[in-house]
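[1] structure of the sequence below:
(2 chains)
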Amino acid sequence: MGSIEFVEMILNGVALFAAAGGIFALGFLSLGLTRIDRGASGAGVWFRLLIVPGLVALWPLMLIRWIVGGQPHGD
Amino acid sequence: MAATYKPVIWNRHKRIYDLALVSGIALYLTVFVGVGMAMPDSANTSIEILLISALGACAFFMIHVVLAIGPLARLSTKFLPLLYNRRHVGVALFLVALSHGAYATIWYHGFGVLNPIVSLFVSNPRYDAINAFPFESLGVAALAILFLLASTSHDFWLNNLSPAVWKTLHMLIYPAYGAMVMHVLLGAASGHGGSPLYVWATAGGFALISGLHIAAALVQTSRDRAVTKQKDGDWIDAGPFADIPEKRARIVAIGGTSIAIFRYDGKLSAISNFCAHQMGPLGEGCLIDGLVTCPWHGWQYDPATGRSPAPYTEKVETFAVRIKDGHVFVNAIPNAKGTPVAPTMIG
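    As a prediction, this is how the structure comes out:
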(Lines give C-alpha, C1' and ligand atoms only; values in the text may rest on other atoms or scores of the structure.)
Protein backbone atom coordinates (compact mmCIF):
# COMPACT_ATOMS: atom_id res chain seq x y z
CA MET A 1 0.00 0.00 0.00
CA GLY A 2 1.40 3.39 -0.99
CA SER A 3 1.51 6.41 1.29
CA ILE A 4 -1.35 8.11 -0.57
CA GLU A 5 -3.62 5.08 -0.15
CA PHE A 6 -2.63 4.78 3.51
CA VAL A 7 -3.43 8.43 4.26
CA GLU A 8 -6.69 8.17 2.34
CA MET A 9 -7.64 5.11 4.37
CA ILE A 10 -6.96 6.97 7.64
CA LEU A 11 -8.93 10.01 6.48
CA ASN A 12 -11.83 7.80 5.40
CA GLY A 13 -11.78 6.18 8.82
CA VAL A 14 -11.89 9.62 10.50
CA ALA A 15 -14.73 10.69 8.20
CA LEU A 16 -16.67 7.50 9.00
CA PHE A 17 -16.17 8.04 12.74
CA ALA A 18 -17.34 11.65 12.43
CA ALA A 19 -20.38 10.66 10.33
CA ALA A 20 -21.34 8.06 12.96
CA GLY A 21 -20.87 10.76 15.59
CA GLY A 22 -23.13 13.11 13.66
CA ILE A 23 -25.88 10.50 13.51
CA PHE A 24 -25.37 9.71 17.19
CA ALA A 25 -25.58 13.42 18.04
CA LEU A 26 -28.97 13.70 16.32
CA GLY A 27 -30.36 10.78 18.31
CA PHE A 28 -28.73 11.80 21.55
CA LEU A 29 -29.94 15.39 21.42
CA SER A 30 -33.46 14.20 20.64
CA LEU A 31 -33.78 11.32 23.09
CA GLY A 32 -30.81 10.90 25.40
CA LEU A 33 -29.65 14.30 26.59
CA THR A 34 -32.27 15.01 29.24
CA ARG A 35 -32.25 11.39 30.39
CA ILE A 36 -28.62 11.45 31.44
CA ASP A 37 -28.41 15.06 32.57
CA ARG A 38 -31.18 16.88 34.37
CA GLY A 39 -29.36 20.18 33.82
CA ALA A 40 -30.14 19.91 30.10
CA SER A 41 -33.92 20.05 30.69
CA GLY A 42 -35.17 23.23 29.10
CA ALA A 43 -31.78 24.04 27.58
CA GLY A 44 -32.08 25.93 24.31
CA VAL A 45 -31.05 25.12 20.78
CA TRP A 46 -27.79 27.11 21.00
CA PHE A 47 -26.62 25.00 23.93
CA ARG A 48 -27.47 21.84 21.97
CA LEU A 49 -25.54 23.07 18.94
CA LEU A 50 -22.60 23.98 21.17
CA ILE A 51 -22.13 20.40 22.38
CA VAL A 52 -22.44 18.81 18.91
CA PRO A 53 -18.66 18.95 18.12
CA GLY A 54 -17.90 17.23 21.42
CA LEU A 55 -20.55 14.60 20.77
CA VAL A 56 -19.05 13.91 17.33
CA ALA A 57 -15.60 13.50 18.89
CA LEU A 58 -16.57 11.56 22.02
CA TRP A 59 -19.69 9.73 20.86
CA PRO A 60 -18.54 6.23 21.96
CA LEU A 61 -18.12 7.51 25.55
CA MET A 62 -21.49 9.24 25.53
CA LEU A 63 -23.15 6.18 23.96
CA ILE A 64 -21.89 4.07 26.86
CA ARG A 65 -23.09 6.68 29.33
CA TRP A 66 -26.50 6.75 27.65
CA ILE A 67 -26.78 2.92 27.66
CA VAL A 68 -25.71 2.42 31.27
CA GLY A 69 -27.90 5.32 32.34
CA GLY A 70 -25.87 8.18 33.73
CA GLN A 71 -26.90 9.86 36.93
CA PRO A 72 -28.63 13.19 36.42
CA HIS A 73 -26.53 16.31 36.75
CA GLY A 74 -25.64 17.09 40.30
CA ASP A 75 -26.75 13.84 41.91
CA MET B 1 -22.92 26.82 38.19
CA ALA B 2 -26.33 26.73 36.57
CA ALA B 3 -29.58 24.83 37.15
CA THR B 4 -30.18 24.74 33.38
CA TYR B 5 -27.38 24.87 30.85
CA LYS B 6 -26.87 27.96 28.76
CA PRO B 7 -24.32 28.38 25.95
CA VAL B 8 -22.60 31.16 27.92
CA ILE B 9 -23.75 32.74 31.18
CA TRP B 10 -23.00 36.29 30.15
CA ASN B 11 -22.20 39.04 32.62
CA ARG B 12 -20.40 42.37 32.37
CA HIS B 13 -17.01 40.88 33.23
CA LYS B 14 -17.29 38.24 30.50
CA ARG B 15 -18.34 40.80 27.89
CA ILE B 16 -15.36 43.02 28.70
CA TYR B 17 -13.08 39.98 28.77
CA ASP B 18 -14.23 38.72 25.37
CA LEU B 19 -14.15 42.19 23.85
CA ALA B 20 -10.54 42.57 25.00
CA LEU B 21 -9.76 39.08 23.67
CA VAL B 22 -11.19 39.69 20.19
CA SER B 23 -9.66 43.17 20.01
CA GLY B 24 -6.30 41.79 21.06
CA ILE B 25 -6.37 39.11 18.34
CA ALA B 26 -7.39 41.64 15.68
CA LEU B 27 -4.66 44.04 16.80
CA TYR B 28 -2.03 41.28 16.80
CA LEU B 29 -2.90 40.18 13.25
CA THR B 30 -3.03 43.76 11.96
CA VAL B 31 0.31 44.75 13.48
CA PHE B 32 1.97 41.51 12.33
CA VAL B 33 0.83 41.89 8.73
CA GLY B 34 1.48 45.66 8.75
CA VAL B 35 5.04 45.26 10.03
CA GLY B 36 5.63 42.40 7.58
CA MET B 37 4.51 44.54 4.64
CA ALA B 38 6.76 47.39 5.82
CA MET B 39 9.89 45.22 6.01
CA PRO B 40 12.58 45.78 3.32
CA ASP B 41 12.19 42.22 1.96
CA SER B 42 8.39 42.41 1.76
CA ALA B 43 8.58 42.15 -2.04
CA ASN B 44 9.57 38.48 -1.54
CA THR B 45 6.36 37.61 0.26
CA SER B 46 2.63 38.12 -0.12
CA ILE B 47 -0.13 39.27 2.16
CA GLU B 48 -1.57 35.74 2.14
CA ILE B 49 1.67 34.23 3.44
CA LEU B 50 1.98 37.01 6.02
CA LEU B 51 -1.56 36.34 7.21
CA ILE B 52 -0.84 32.60 7.51
CA SER B 53 2.26 33.42 9.57
CA ALA B 54 0.34 35.97 11.65
CA LEU B 55 -2.40 33.47 12.50
CA GLY B 56 0.15 30.82 13.44
CA ALA B 57 2.19 33.23 15.56
CA CYS B 58 -0.98 34.51 17.22
CA ALA B 59 -2.09 30.97 18.12
CA PHE B 60 1.38 30.24 19.48
CA PHE B 61 1.29 33.40 21.60
CA MET B 62 -2.20 32.55 22.86
CA ILE B 63 -1.24 29.07 24.08
CA HIS B 64 1.46 30.76 26.17
CA VAL B 65 -1.20 33.04 27.65
CA VAL B 66 -3.45 30.06 28.41
CA LEU B 67 -0.60 28.19 30.09
CA ALA B 68 0.61 31.24 32.04
CA ILE B 69 -2.75 32.20 33.56
CA GLY B 70 -2.93 29.21 35.94
CA PRO B 71 0.46 29.66 37.66
CA LEU B 72 0.12 33.46 37.65
CA ALA B 73 -3.18 33.16 39.52
CA ARG B 74 -1.45 30.90 42.07
CA LEU B 75 1.36 33.39 42.54
CA SER B 76 -0.94 36.40 42.92
CA THR B 77 -4.68 36.79 43.35
CA LYS B 78 -4.47 39.86 41.07
CA PHE B 79 -4.48 37.45 38.12
CA LEU B 80 -7.66 35.61 39.18
CA PRO B 81 -9.88 37.71 36.86
CA LEU B 82 -7.90 36.27 33.94
CA LEU B 83 -8.51 32.74 35.18
CA TYR B 84 -12.24 33.35 35.53
CA ASN B 85 -12.85 33.17 31.78
CA ARG B 86 -9.83 31.22 30.61
CA ARG B 87 -11.88 28.75 28.60
CA HIS B 88 -12.90 31.54 26.22
CA VAL B 89 -9.21 32.12 25.48
CA GLY B 90 -8.87 28.39 24.84
CA VAL B 91 -11.76 28.32 22.36
CA ALA B 92 -10.41 31.45 20.63
CA LEU B 93 -6.98 29.79 20.49
CA PHE B 94 -8.49 26.81 18.67
CA LEU B 95 -10.31 29.04 16.18
CA VAL B 96 -7.14 31.04 15.41
CA ALA B 97 -5.09 27.83 15.06
CA LEU B 98 -7.79 26.33 12.83
CA SER B 99 -7.72 29.44 10.63
CA HIS B 100 -3.93 29.14 10.35
CA GLY B 101 -4.09 25.43 9.48
CA ALA B 102 -6.97 25.75 7.00
CA TYR B 103 -5.48 28.78 5.22
CA ALA B 104 -2.01 27.18 5.02
CA THR B 105 -3.45 23.91 3.70
CA ILE B 106 -5.44 25.68 1.00
CA TRP B 107 -2.54 27.98 0.08
CA TYR B 108 0.16 25.32 -0.12
CA HIS B 109 -1.84 22.19 -1.05
CA GLY B 110 -5.13 23.37 -2.53
CA PHE B 111 -4.15 23.80 -6.14
CA GLY B 112 -2.88 20.34 -7.09
CA VAL B 113 -4.54 17.13 -8.23
CA LEU B 114 -4.49 15.51 -4.77
CA ASN B 115 -6.98 16.09 -1.99
CA PRO B 116 -5.35 19.01 -0.04
CA ILE B 117 -5.36 17.09 3.24
CA VAL B 118 -3.83 14.01 1.62
CA SER B 119 -1.26 16.26 -0.03
CA LEU B 120 -0.46 17.79 3.36
CA PHE B 121 0.61 14.41 4.71
CA VAL B 122 2.29 12.83 1.68
CA SER B 123 4.06 15.72 -0.04
CA ASN B 124 7.03 15.48 2.33
CA PRO B 125 7.80 11.97 3.67
CA ARG B 126 11.16 12.88 5.25
CA TYR B 127 10.38 12.00 8.88
CA ASP B 128 14.05 11.05 9.32
CA ALA B 129 15.45 14.53 8.55
CA ILE B 130 15.51 17.35 11.08
CA ASN B 131 16.13 20.08 8.51
CA ALA B 132 13.33 18.83 6.25
CA PHE B 133 10.94 17.24 8.73
CA PRO B 134 7.24 17.42 7.71
CA PHE B 135 6.45 19.76 10.58
CA GLU B 136 2.88 20.17 9.33
CA SER B 137 1.92 16.82 10.88
CA LEU B 138 2.83 18.19 14.34
CA GLY B 139 0.57 21.17 13.71
CA VAL B 140 -2.27 18.81 12.79
CA ALA B 141 -1.71 16.83 16.00
CA ALA B 142 -1.81 20.03 18.07
CA LEU B 143 -4.94 21.21 16.25
CA ALA B 144 -6.68 17.88 16.90
CA ILE B 145 -6.00 18.20 20.63
CA LEU B 146 -7.12 21.84 20.69
CA PHE B 147 -10.35 20.79 18.97
CA LEU B 148 -10.98 18.18 21.64
CA LEU B 149 -10.36 20.71 24.40
CA ALA B 150 -12.45 23.48 22.82
CA SER B 151 -15.36 21.16 22.04
CA THR B 152 -15.48 19.92 25.64
CA SER B 153 -15.02 23.29 27.36
CA HIS B 154 -18.68 23.68 28.42
CA ASP B 155 -19.77 22.65 31.92
CA PHE B 156 -21.96 19.96 30.35
CA TRP B 157 -18.80 18.00 29.63
CA LEU B 158 -17.37 18.64 33.07
CA ASN B 159 -20.50 17.15 34.62
CA ASN B 160 -20.85 14.23 32.23
CA LEU B 161 -17.21 13.17 31.94
CA SER B 162 -16.68 13.78 35.71
CA PRO B 163 -14.34 16.50 37.01
CA ALA B 164 -11.39 14.10 37.29
CA VAL B 165 -11.70 12.81 33.70
CA TRP B 166 -12.37 16.32 32.38
CA LYS B 167 -9.32 17.71 34.16
CA THR B 168 -7.16 14.85 32.86
CA LEU B 169 -8.48 15.42 29.34
CA HIS B 170 -7.69 19.12 29.53
CA MET B 171 -4.14 18.41 30.70
CA LEU B 172 -3.63 17.47 27.04
CA ILE B 173 -2.96 21.19 26.57
CA TYR B 174 0.64 20.35 27.50
CA PRO B 175 1.17 17.75 24.70
CA ALA B 176 -0.53 20.25 22.37
CA TYR B 177 1.97 22.90 23.48
CA GLY B 178 4.85 20.46 22.91
CA ALA B 179 3.58 19.68 19.41
CA MET B 180 3.26 23.41 18.65
CA VAL B 181 6.80 24.09 19.89
CA MET B 182 8.18 21.35 17.65
CA HIS B 183 5.97 22.52 14.77
CA VAL B 184 7.52 25.98 15.01
CA LEU B 185 11.12 24.82 15.57
CA LEU B 186 11.13 22.18 12.84
CA GLY B 187 9.33 24.58 10.53
CA ALA B 188 12.10 27.13 11.09
CA ALA B 189 14.75 24.41 10.60
CA SER B 190 13.26 23.50 7.23
CA GLY B 191 13.23 27.08 6.02
CA HIS B 192 9.62 27.93 6.89
CA GLY B 193 8.63 30.33 9.61
CA GLY B 194 11.11 33.01 8.71
CA SER B 195 13.95 34.19 10.89
CA PRO B 196 15.91 32.90 13.90
CA LEU B 197 13.65 35.25 15.87
CA TYR B 198 11.08 32.44 15.93
CA VAL B 199 13.55 30.08 17.57
CA TRP B 200 14.56 32.63 20.22
CA ALA B 201 10.95 33.61 20.89
CA THR B 202 10.02 29.93 21.25
CA ALA B 203 12.90 29.30 23.66
CA GLY B 204 11.97 32.39 25.68
CA GLY B 205 8.32 31.39 25.82
CA PHE B 206 9.22 27.87 26.95
CA ALA B 207 11.51 29.25 29.66
CA LEU B 208 8.77 31.62 30.83
CA ILE B 209 6.09 28.92 31.03
CA SER B 210 8.45 26.47 32.74
CA GLY B 211 9.62 29.13 35.20
CA LEU B 212 6.07 30.16 36.11
CA HIS B 213 5.01 26.56 36.72
CA ILE B 214 8.06 25.86 38.88
CA ALA B 215 7.57 29.10 40.86
CA ALA B 216 3.86 28.33 41.42
CA ALA B 217 4.70 24.79 42.61
CA LEU B 218 7.35 26.10 45.01
CA VAL B 219 4.98 28.72 46.43
CA GLN B 220 2.24 26.11 46.90
CA THR B 221 4.65 23.73 48.63
CA SER B 222 5.79 26.56 50.87
CA ARG B 223 2.18 27.40 51.78
CA ASP B 224 1.47 23.75 52.60
CA ARG B 225 4.54 23.52 54.84
CA ALA B 226 3.69 26.74 56.64
CA VAL B 227 0.93 24.95 58.51
CA THR B 228 2.08 22.81 61.43
CA LYS B 229 0.77 19.28 61.05
CA GLN B 230 1.00 17.64 64.47
CA LYS B 231 -1.29 14.62 64.62
CA ASP B 232 -3.53 13.45 67.44
CA GLY B 233 -4.97 10.23 66.06
CA ASP B 234 -6.99 11.28 63.00
CA TRP B 235 -6.95 14.90 64.18
CA ILE B 236 -4.49 17.26 62.53
CA ASP B 237 -3.20 20.38 64.27
CA ALA B 238 -3.80 23.21 61.79
CA GLY B 239 -2.25 25.89 64.00
CA PRO B 240 -3.72 28.79 65.99
CA PHE B 241 -7.26 29.63 64.89
CA ALA B 242 -6.68 33.29 65.80
CA ASP B 243 -4.46 33.64 62.71
CA ILE B 244 -7.26 32.73 60.31
CA PRO B 245 -8.76 35.97 58.95
CA GLU B 246 -12.52 36.47 59.24
CA LYS B 247 -14.42 35.01 56.25
CA ARG B 248 -11.22 33.38 54.99
CA ALA B 249 -9.64 29.94 55.27
CA ARG B 250 -6.49 28.12 56.18
CA ILE B 251 -5.61 25.26 53.83
CA VAL B 252 -4.23 22.03 55.28
CA ALA B 253 -2.71 19.49 52.88
CA ILE B 254 -2.55 15.90 54.13
CA GLY B 255 -1.32 13.38 51.58
CA GLY B 256 -3.64 13.71 48.60
CA THR B 257 -6.31 15.49 50.64
CA SER B 258 -6.55 19.23 50.91
CA ILE B 259 -8.86 20.77 53.50
CA ALA B 260 -10.02 24.38 53.79
CA ILE B 261 -10.87 25.52 57.35
CA PHE B 262 -13.05 28.63 57.28
CA ARG B 263 -13.55 31.16 60.09
CA TYR B 264 -16.78 33.15 60.02
CA ASP B 265 -19.18 34.75 62.50
CA GLY B 266 -17.34 33.29 65.53
CA LYS B 267 -17.39 29.77 64.06
CA LEU B 268 -15.09 27.32 62.27
CA SER B 269 -16.06 24.84 59.54
CA ALA B 270 -13.97 22.67 57.23
CA ILE B 271 -14.73 21.47 53.73
CA SER B 272 -12.71 19.99 50.87
CA ASN B 273 -10.39 22.51 49.28
CA PHE B 274 -11.40 21.23 45.81
CA CYS B 275 -14.37 22.86 44.13
CA ALA B 276 -16.77 20.39 42.45
CA HIS B 277 -16.54 22.45 39.27
CA GLN B 278 -12.90 22.43 38.14
CA MET B 279 -11.21 21.55 41.43
CA GLY B 280 -10.53 25.22 42.05
CA PRO B 281 -8.94 26.08 45.43
CA LEU B 282 -11.93 26.90 47.65
CA GLY B 283 -9.60 27.80 50.52
CA GLU B 284 -8.20 30.68 48.45
CA GLY B 285 -11.70 32.09 48.14
CA CYS B 286 -13.77 33.83 50.80
CA LEU B 287 -17.27 33.83 52.26
CA ILE B 288 -19.77 35.96 50.40
CA ASP B 289 -23.31 36.17 51.81
CA GLY B 290 -22.39 33.34 54.20
CA LEU B 291 -21.27 31.02 51.39
CA VAL B 292 -17.78 29.82 50.52
CA THR B 293 -17.14 31.23 47.05
CA CYS B 294 -14.63 29.61 44.71
CA PRO B 295 -12.12 32.18 43.43
CA TRP B 296 -12.03 30.59 39.98
CA HIS B 297 -15.64 30.69 38.76
CA GLY B 298 -17.73 31.75 41.73
CA TRP B 299 -19.34 28.41 42.62
CA GLN B 300 -20.66 28.57 46.17
CA TYR B 301 -21.05 26.19 49.12
CA ASP B 302 -22.49 26.34 52.62
CA PRO B 303 -19.43 25.89 54.89
CA ALA B 304 -21.39 23.77 57.36
CA THR B 305 -22.87 21.34 54.82
CA GLY B 306 -20.59 21.48 51.79
CA ARG B 307 -23.72 21.95 49.63
CA SER B 308 -24.44 24.57 47.01
CA PRO B 309 -27.53 26.68 47.72
CA ALA B 310 -30.78 25.60 46.00
CA PRO B 311 -31.54 25.15 43.15
CA TYR B 312 -27.93 24.06 42.62
CA THR B 313 -26.99 20.54 43.67
CA GLU B 314 -23.18 20.46 43.81
CA LYS B 315 -21.59 19.01 46.95
CA VAL B 316 -18.11 18.69 48.45
CA GLU B 317 -16.76 16.69 51.40
CA THR B 318 -16.99 18.11 54.91
CA PHE B 319 -14.66 17.57 57.88
CA ALA B 320 -15.07 17.72 61.66
CA VAL B 321 -13.28 20.55 63.48
CA ARG B 322 -12.42 21.09 67.14
CA ILE B 323 -10.46 23.63 69.19
CA LYS B 324 -7.82 22.74 71.79
CA ASP B 325 -5.42 25.13 73.53
CA GLY B 326 -6.04 27.88 70.99
CA HIS B 327 -5.28 25.58 68.05
CA VAL B 328 -7.76 24.33 65.50
CA PHE B 329 -7.72 20.59 64.82
CA VAL B 330 -9.36 19.04 61.78
CA ASN B 331 -10.29 15.39 61.42
CA ALA B 332 -8.49 13.95 58.40
CA ILE B 333 -11.29 11.45 57.70
CA PRO B 334 -13.70 13.10 55.24
CA ASN B 335 -17.46 12.91 55.60
CA ALA B 336 -19.51 11.99 52.55
CA LYS B 337 -20.10 14.93 50.21
CA GLY B 338 -22.77 17.25 51.51
CA THR B 339 -22.81 15.81 55.05
CA PRO B 340 -23.79 18.55 57.54
CA VAL B 341 -21.29 19.18 60.36
CA ALA B 342 -22.21 21.57 63.15
CA PRO B 343 -19.75 24.51 63.10
CA THR B 344 -17.33 24.69 66.04
CA MET B 345 -17.95 27.81 68.12
CA ILE B 346 -14.95 29.98 68.99
CA GLY B 347 -14.75 30.94 72.63
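
[2] the residue nearest in space to the middle of chain B - nearest residue in space that isn't next to it in sequence?
    Centroid-nearest residue in chain B: residue B:70, 5.2 Å away (criterion: Cα atoms, centre = their mean). Excluding the flanking residues, the one nearest residue B:70 by Cβ to Cβ, 6 or more residues apart in numbering or on different chains is residue B:83, at 6.9 Å. Just so you know, the C-beta spots here come from the backbone N, C-alpha and C atoms, and that holds for glycine as well.

[3] name the helices or strands packed onto the helix or strand where that neighbour lies?
    For residue B:83, the element it lies in under DSSP states H and E is helix B:80-84. Helices and strands touching helix B:80-84, by 3 or more Cβ pairs under 8 Å, 6 or more residues apart in numbering or on different chains; DSSP states H and E, are helix B:12-38, helix B:47-75.

[4] per-residue pLDDT, the residue nearest to the centre of chain B?
    Residue B:70 is assigned a predicted lDDT (pLDDT) of 90.

[5] that one and chain A, how far apart?
    22 Å (Cβ to the nearest Cβ, to the nearest Å).

[6] got the contact list for that residue?
    Counting by Cβ atoms under 8 Å, 6 or more residues apart in numbering or on different chains, residue B:70 touches B:83, B:86, B:216.

[7] which of these sits closest to residue B:199?
    Proximity of the contacts of residue B:70 to residue B:199 was ranked by Cβ to Cβ; the top entry is residue B:216 with 26.4 Å.

[8] what strand or helix carries that closest one?
    Residue B:216 belongs to helix B:197-226 when assigned by DSSP H and E.

[9] ok, back up a step: pretty sure the residue nearest to residue B:70 sits against residue B:74.
    No - between residue B:83 and residue B:74 there is no contact under Cβ atoms under 8 Å: 9.3 Å.

[10] buried ones in the helix holding residue B:216, by neighbour count?
    For helix B:197-226, the neighbour count (16 or more other Cβ atoms under 10 Å in any protein chain shown) marks B:198, B:201-202, B:205, B:209, B:212-213, B:216, B:220 as buried.

[11] state the distance from the most centrally placed residue in chain A to residue B:16.
    For chain A, the residue nearest the mean C-alpha position is residue A:55 (2.5 Å; Cα atoms, centre = their mean). With distances taken as Cβ to Cβ, to the nearest Å, residue A:55 is found 31 Å from residue B:16.

[12] re earlier: closest one of the buried residues of helix B:197-226 to chain A?
    Of all the buried residues of helix B:197-226, chain A sits closest to residue B:209, with 26.5 Å by Cβ to the nearest Cβ.

[13] rewinding a little: out of the helices and strands packed on helix B:80-84, deepest packed?
    helix B:47-75 (a mean of 20; mean count of other Cβ atoms under 10 Å in any protein chain shown).

[14] looking at the chain, which helix or strand is least sure?
    Going with chain A. Among the helices and strands of chain A, helix A:33-36 carries the lowest confidence by mean pLDDT, DSSP states H and E, at a mean of 90.

[15] meant chain B, my bad for not saying
    Across the helices and strands of chain B, mean confidence by mean pLDDT, DSSP H and E is lowest for strand B:231-232: a mean of 70.

[16] could you identify the helix or strand that succeeds that strand?
    Assigned by DSSP H and E, the successor of strand B:231-232 is strand B:235-240.

[17] so who does residue B:111 touch?
    Counting by Cβ under 8 Å, 6+ apart, residue B:111 has no contacts.

[18] my error: substitute residue B:131 in the last question.
    Residue B:131 neighbours (Cβ under 8 Å, 6+ apart): B:189-190.

[19] does residue B:123 touch residue B:109 like I think?
    Yes - if you go by Cβ under 8 Å, residue B:123 and residue B:109 touch, sitting 6.8 Å apart.

[20] which bits of chain A sit near chain B?
    A:3-4, A:7-8, A:11, A:36-37, A:39-44, A:46-47, A:50-51, A:53-54, A:56-58, A:61-62, A:65, A:70, A:73-75 (Cβ under 8 Å from any Cβ of the partner chain).

[21] in chain B, what residue is nearest chain A?
    For chain B and chain A, the shortest gap (Cβ to the nearest Cβ) falls at residue B:313, measuring 3.0 Å.

[22] three-state assignment of that residue?
    coil (DSSP: H, G, I helix; E, B strand; the rest coil).

[23] ok, it to residue B:299 distance?
    12 Å.

[24] higher neighbour count, these two?
    Neighbour tally, residue B:313 and residue B:299, criterion other Cβ atoms under 10 Å in any protein chain shown: the higher count belongs to residue B:299, 21 against 16.

[25] I'd guessed the more buried one sits against residue B:274; true?
    No - contact criterion Cβ under 8 Å: residue B:299 and residue B:274 do not qualify, at 11.1 Å.

[26] shared neighbours, those two?
    Shared contacts of residue B:299 and residue B:274, defined by Cβ under 8 Å, 6+ apart, are found at residue B:280.

[27] can you count the residues close to the nearest residue to residue B:69 once chain neighbours are set aside?
    Setting aside the residues directly before and after it, residue B:69 is nearest to residue B:82 in space (Cβ to Cβ, 6+ apart), at 4.9 Å. By other Cβ under 10 Å, 17 other residues sit near residue B:82.

[28] where does chain A dip in pLDDT?
    Scanning chain A for pLDDT under 70 picks out the ranges A:70-75.

[29] show me where it has helices.
    For chain A, applying DSSP state H gives helices covering A:3-27, A:33-36, A:45-68.
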